[in-house]
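Participant: Quick check, what structure comes out for this input:
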Amino acid sequence: MFLDVYHLNKGIKPIFSDIDSIDWYDGAVNGVFRLDQTNQWFLFCMVYFELNIRERIFFVIETSEEWKVEFTGMFQYHEYGWLTNYDQVKAKMRSAFQNYAGDVYLVKARTLEGNEYEIVQIPLEHLRYVDTIEEGVDQDEAFVSRLNSLFIERPGS
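Facilitator: Numbers count the residues shown, from 1 in each chain. Prediction:
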């Protein structure tokens, strides 16, 4: 379903809606979104950010609506809009990624809110949770090269 929605809308309209981000760095970094035209919810985690061209790569995994409601129900905001329980929220997300055993997608985009993006399904063993924005910006060259190689046209992507 995820790839079907992608192929129908690529370059036409955004497919990521109802985005709740727990980190922001000139765009969403990690959080949860609903796949447009569906009731499917997904977690996303930015694993790389190329500052020179403003391009991000995200790991995306499916979750349930119940998990999403529980997750966003945890959000407690400071008067300035920051999460007061940030570490607790991040721990729940980290746990979801570390214990995941379903389909994994890789998304390359400047922003999740736009209509220009590439998506491929990848093997579960490539899944990795990146805990901080700095870690996503400072990835080693070999890892970035491996990520980018996954975007080479693959059957079914």
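Participant: hey, which helix or strand in the protein has the poorest pLDDT?
Facilitator: One helix or strand of the chain scores below all others by mean pLDDT, DSSP states H and E: helix 133-137, with a mean of 87.
Participant: residues in contact with the next helix-or-strand element following that helix?
Facilitator: For helix 133-137, the following helix or strand on the C-terminal side (DSSP states H and E) is helix 141-149. Helix 141-149 is contacted by residues 47, 48, 50, 57, 106, 126 when judged by CB atoms under 8 Å, 6 or more residues apart in numbering. Placement of C-beta: from N, CA and C, glycine included.
Participant: swap the cut-off to 6 Å and go again
Facilitator: Helix 141-149 is contacted from outside by 48, 57, using CB atoms under 6 Å, 6 or more residues apart in numbering.
Participant: mind listing what's buried in it?
Facilitator: residue 147 (16 or more other CB atoms under 10 Å).
Participant: and it, what's its mean pLDDT?
Facilitator: Throughout helix 141-149, pLDDT has a mean value of 91.
Participant: so how far is that helix off the chain centroid?
Facilitator: 17 Å (CA atoms, centre = their mean, to the nearest Å).
Participant: and if you look at stretch 3-13?
Facilitator: On CA atoms, centre = their mean, the centre of stretch 3-13 falls 17 Å from the chain's centre.
Participant: thinking again about what came up before, mind saving the C-alpha coords of the least confident helix or strand of the chain as CSV?
Facilitator: Written as CSV, here are the backbone C-alpha positions of helix 133-137 (Å, rounded to 0.1, in the frame of the first residue of the first chain):
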residue,chain,number,x,y,z
ILE,A,133,20.1,15.4,14.8
GLU,A,134,23.8,15.8,15.0
GLU,A,135,24.3,12.1,14.4
GLY,A,136,22.2,12.4,11.3
VAL,A,137,24.2,15.3,10.0
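Participant: and that helix, what other elements does it pack with?
Facilitator: strand 41-50 (3 or more CB pairs under 6 Å, 6 or more residues apart in numbering; DSSP states H and E).
Participant: Report the central residue of this structure.
Facilitator: residue 44 (2.2 Å; CA atoms, centre = their mean).
Participant: And residue 144, how far from residue 138?
Facilitator: Using CB to CB, to the nearest Å, one gets 10 Å for the distance from residue 144 to residue 138.
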